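Asker: build the 3D model from these lines:
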Amino acid sequence: MFWKSAGWHQSSAIDTILEKNDYTLEELLDDEDVLQECRSQHEELNKFLSSEAAFNKMLDYVIKEPAGSPDDRLRFKYPNVASEILTAETPGILQLLCTEETFNKILTVLDYPAPINPLIASYFTKLFALLLVKAPDMVFERLNKDEELFFKLISHIGTSAIMDLLRRMTMPNPGDEHTRPFDKIVSWLANEKQLVKILMSLFNIEETGADETILKNAAILLQDIINDSRREAIEMQNAEESSVFLSQIISMENLGPFLSIVLGSSESFVIQQGVTVLFTLLEDPKQLLCMVMPEGEEEEAQLTELDQRRYNYEIESIMNALKPQIEHIKNLLNYKPIQVDSELNQTAPRFGRIRLTATKLVETLIKRGEPDISEQILNLDVIKILLEHFERFSDNNFLHLHVLNVIDYILALSSSESETQPQLLSHLVKDCKLPQTLVRMYNTNLTAEEQNIINRKGYMGHVIKAAQTLVSCFNASKDLYEMLGEDKDDWEHFRESYLEKDIDRWKLELGGGKPVFNSDDDDVDDMAALEMSSPARSFREFLMQPLSVDPPTSLTGDNDDNDSDDEISGSYNLDGGALFNFSSGFSADDGGSGEMTDVKLGVQDESTNSWMINDSETNPGDDNAEVGDGTIVLKKIDPFANNDDDSSDSSDDEKPGVQPENPLGNPVDVSTPTDAPETGWANFDAFNGPNESETDTTEEKGETEKSESGADEETKPDSDAKTVTLGNVDQDSAA
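Answerer: Next comes the predicted model:
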């Protein structure tokens, strides 16, 4: 290896340990690199770990729990590292692992009383799954020989790791070869051991004594078997019938007693876990098809004719098993959960998980549209019970959603050719009095809001949706509308006075609609014209011109009562201290053109620290007046000139074309800097100490001020005016 031969290899701590004569297995397991060195085929390390003594000790760490050991390394670290080494598929260790003696020793874990330690169960599952791949014949021979071994696995199904092992043994064609059992093991579990029948019989808790954890894992295992079987059939596309496991689940001899036990039970956990299996059976296989489709093609997933035919056969078998159970479903809708105290220490009515599950089940059955089941639902007044729960439990939106879906499914089937569906629709409107119930619930909410008793009822949104759908059905079928009878006037009053207003309010966008710009030119797009004429665009174009390094001084709205609400104003600093004042707005007079209505320019007098604003409208004859259409002229005042009232006389001495000099230089043009005047070296001989007379200091200060005043008079330029035209600015004028 290059890194070793070139001198880059550094000896690890494992090498240091192996150089000793009396090292132990625990020293190696304590090292962080032992697993990495083992997988990289460290010769000396693997030789030691493959020894019989080291192998048996690691196996003991995995399958035995240290009794009362306070050392966490013995309880957690050593077993975890040992299990990783044993399953690393190192040749020497794997050879010792795939022996009957070792396998028998591993199976002793199942002799522990339930529940098994989850860590030991997980180590056991890893070893067993590895042997399923590396020594399948040995495993199958032992499973087939020992009849009690299968029931030991079932007795520990309450441990999630054992449940996961059973699932791996039933997986028909998983992608990972380490989790794929062979067909003979699958056939042995399905036919000889009747795994499906045993799992479904666990829900008869009076005979099996299974607790909630066992039933939960059994339900998960059944759901996985159903999904795996359907996924295999979709991928393989070579089976007319369902897999052996799924065929056993949907058979009448297994599914019928299972549904009778689950739906007729008085224990909530039995009902809850059992119904999840039923929902998985009724699930649309397109969801599984999307899982096997390539990424990005899920929406185009379609079942083949073979898949659809096989699925229809499965649904038919399931519906046949459900027909005798509608009475149990109705009883579940009246299941009374345990009441709990609310925050106000009052007993609050609870709808409960069981009744919600039964409601969802009714929704699924109505959606399937099986005529015989729909007829039983009609005869047992199941829909009427759902509407009563809808009105009573006004804050349970899960219930409201399921009931609304039931109503939508029934109303959508109004055009069905089946004789049962129109009967169900008539039952909903005439017998269950759906329109009257919706009006009553709406009025109840209005009364409660007017009296400030409570806030808006939680079902109001679903009530309005149901009423809107019902109006569409009434418009499409006059016979259905005639079923209202004497309540037509109340329904029409509700529709015209309340329902239509609520629907119109729902159509409004939050925050109002998009702003629309009314342009005189019909060919110009409104939004494009709004963007082009907006003040923001005007400001952006103005900022593209040469400005000073100072940011905008202000951008504030004008709150004058006489101005428009949309008017904005602000000011910008221009090069050389010029001020640009703007005022722009959209007024009703100009038709919303959005053009700039007021522009003022001014210059800053730095000697007085004030701005001089020029109004071109009030002084049309001034030099700073507006030139041409939309052209703004700016007069720049020298900050070093005398800008008093008598400075106006200096206008007679102005010379056209002569630009005044600025001793500070041009802040924009950095290519021609102005050199500072030389002052010479400092003279410390004339420095006055603290004991010198104050008179000398005063005289010296006066001379200094006089000298500086003379320098200013020599360098002071003429207060010539400079004119700059914005919008057509050249480089010289911009300076």
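Asker: neighbours of residue 236, how many?
Answerer: Burial of residue 236 is recorded as 11 neighbouring residues (other Cβ atoms under 10 Å). Bear in mind the C-beta positions are built from the backbone N, C-alpha and C, glycine included.
Asker: how close does it sit to residue 243?
Answerer: 10 Å (Cβ to Cβ, to the nearest Å).
Asker: same check on residue 99?
Answerer: Taking Cβ to Cβ, one finds residue 99 at 34 Å from residue 243.
Asker: what's the answer for residue 156, then?
Answerer: 25 Å.
Asker: one more: residue 366?
Answerer: In terms of Cβ to Cβ, residue 366 sits 29 Å off from residue 243.
Asker: again with residue 50
Answerer: For residue 50 relative to residue 243 (Cβ to Cβ), the value is 41 Å.
Asker: please identify which of the two sits among more neighbours.
Answerer: Under the criterion of other Cβ under 10 Å, the comparison of residue 50 against residue 243 puts residue 243 first, with 21 against 16.
Asker: leaving out the residues flanking it, which one is nearest to that one?
Answerer: residue 229 (3.9 Å; Cβ to Cβ, 6 or more residues apart in numbering).
Asker: can you list contacts of whatever helix or strand residue 408 lives in?
Answerer: Secondary structure assignment for residue 408, by DSSP states H and E: helix 397-412. Residues outside helix 397-412 that contact it (Cβ atoms under 8 Å, 6 or more residues apart in numbering): 351, 355-356, 359-360, 362-363, 366-367, 369, 383, 386-387, 389-390, 393, 421, 424-425, 428, 434, 458-459, 462, 465-466, 469-470, 473.
Asker: inside helices: which ones of those residues?
Answerer: 355-356, 359-360, 362-363, 366-367, 383, 386-387, 389-390, 421, 424-425, 434, 462, 465-466, 469-470, 473 (DSSP state H).
Asker: low-confidence regions, the chain specifically.
Answerer: Counting by pLDDT under 70, the chain has low-confidence residues at 1-11, 69, 172-182, 288-301, 339-348, 414-421, 453-454, 511-735.
Asker: in it, which helix has the most residues?
Answerer: helix 212-236.
Asker: buried residues in that one, which are they?
Answerer: 213-234 (16 or more other Cβ atoms under 10 Å).
Asker: stretch 48-63 too?
Answerer: Going by neighbour count (16+ other Cβ under 10 Å), the buried part of stretch 48-63 is 48, 49, 50, 54, 55, 57, 58, 59, 61, 62, 63.
Asker: same check, this time on stretch 261-268
Answerer: Buried, per 16+ other Cβ under 10 Å, within stretch 261-268: 261, 262, 263, 265, 267, 268.
Asker: try stretch 84-101
Answerer: Neighbour count says stretch 84-101 has 85, 86, 87, 90, 93, 94, 96, 97 buried, by 16+ other Cβ under 10 Å.
Asker: my guess is residue 154 meets residue 201, correct?
Answerer: No. In terms of Cβ atoms under 8 Å, residue 154 does not count as a neighbour of residue 201; the distance is 10.4 Å.
Asker: coming back round to it: name the residues contacting each of residue 236 and residue 243.
Answerer: Common neighbours of residue 236 and residue 243 (Cβ under 8 Å, 6+ apart) do not exist.
Asker: show me what the helix or strand in which residue 199 is found is packed up against.
Answerer: If you go by DSSP H and E, residue 199 is part of helix 195-201. Helices and strands touching helix 195-201, as assessed by 3 or more Cβ pairs under 8 Å, 6 or more residues apart in numbering; DSSP states H and E, comprise helix 212-236, helix 244-250, helix 252-263.
Asker: would you mind giving those as CSV with distance to residue 321 added?
Answerer: Formatted as CSV, the helices and strands packed on helix 195-201 follow (distance: least, Cβ to Cβ, whole Å):
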stretch, distance to residue 321
helix 212-236, 14
helix 244-250, 8
helix 252-263, 4
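Asker: please identify which of those helices is closest to residue 112.
Answerer: With Cβ to Cβ as the criterion, residue 112 lies closest to helix 212-236 of the helices and strands packed on helix 195-201, at 16.2 Å.
Asker: what's the angle between that closest one and helix 252-263?
Answerer: Put simply, helix 212-236 runs at 140 degrees to helix 252-263, going by axes from the mean of the first three to the mean of the last three Cα atoms, to 10 degrees.
Asker: which elements pack onto helix 212-236?
Answerer: Going by 3+ Cβ pairs under 8 Å, 6+ apart, helix 212-236 lies up against helix 160-170, helix 195-201, helix 244-250, helix 268-281, helix 286-292, helix 305-322.
Asker: I'd like these written out as CSV, with distance to residue 378 added.
Answerer: Below are the helices and strands packed on helix 212-236 laid out as CSV (distance: least, Cβ to Cβ, whole Å):
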stretch, distance to residue 378
helix 160-170, 40
helix 195-201, 30
helix 244-250, 26
helix 268-281, 21
helix 286-292, 29
helix 305-322, 16
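Asker: and of those, who's closest to residue 120?
Answerer: Nearest of these (Cβ to Cβ): helix 160-170, 8.8 Å.
Asker: other SSEs contacting the closest one?
Answerer: helix 118-134, helix 147-155, helix 183-187, helix 212-236.
Asker: look up how far residue 280 lies from the residue nearest to residue 167 when sequence neighbours are not counted.
Answerer: Computed as Cβ to Cβ, 6+ apart, the closest residue to residue 167 that is not its neighbour in sequence is residue 224, at 5.2 Å. To residue 280, residue 224 is 9 Å away according to Cβ to Cβ.
Asker: ok, now residue 425?
Answerer: For residue 425 relative to residue 280 (Cβ to Cβ), the value is 30 Å.
Asker: what about these two, which has more around it?
Answerer: The residue with more neighbours, out of residue 425 and residue 280, is residue 425; 22 against 17, by other Cβ under 10 Å.
Asker: just to check, the more buried one is in contact with residue 431?
Answerer: No. Using Cβ under 8 Å, residue 425 makes no contact with residue 431, being 10.7 Å away.
Asker: just the buried residues from the contacts of helix 397-412, in ChimeraX please.
Answerer: In ChimeraX, selecting the buried portion of the contacts of helix 397-412, with burial taken from 16+ other Cβ under 10 Å, looks like this:
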select :351,355,356,359,360,362,363,366,369,383,386,387,389,390,393,421,424,425,428,434,458,459,462,465,466,470,473
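Asker: with just CA atoms, put the helix holding residue 408 into PDB.
Answerer: This file holds the C-alpha atoms of helix 397-412, laid out as PDB (Å, rounded to 0.1, in the frame of the first residue of the first chain):
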ATOM      1  CA  ASN A 397     -62.700  19.400  12.700                       C
ATOM      2  CA  PHE A 398     -61.500  15.800  12.000                       C
ATOM      3  CA  LEU A 399     -65.100  14.700  12.400                       C
ATOM      4  CA  HIS A 400     -66.400  17.500  10.300                       C
ATOM      5  CA  LEU A 401     -64.000  16.700   7.400                       C
ATOM      6  CA  HIS A 402     -65.000  13.000   7.300                       C
ATOM      7  CA  VAL A 403     -68.700  13.800   7.400                       C
ATOM      8  CA  LEU A 404     -68.300  16.500   4.700                       C
ATOM      9  CA  ASN A 405     -66.600  13.900   2.500                       C
ATOM     10  CA  VAL A 406     -69.500  11.500   3.100                       C
ATOM     11  CA  ILE A 407     -71.900  14.200   2.000                       C
ATOM     12  CA  ASP A 408     -69.900  15.100  -1.100                       C
ATOM     13  CA  TYR A 409     -69.600  11.400  -2.100                       C
ATOM     14  CA  ILE A 410     -73.300  10.900  -1.800                       C
ATOM     15  CA  LEU A 411     -74.200  14.100  -3.700                       C
ATOM     16  CA  ALA A 412     -71.600  13.300  -6.400                       C
END
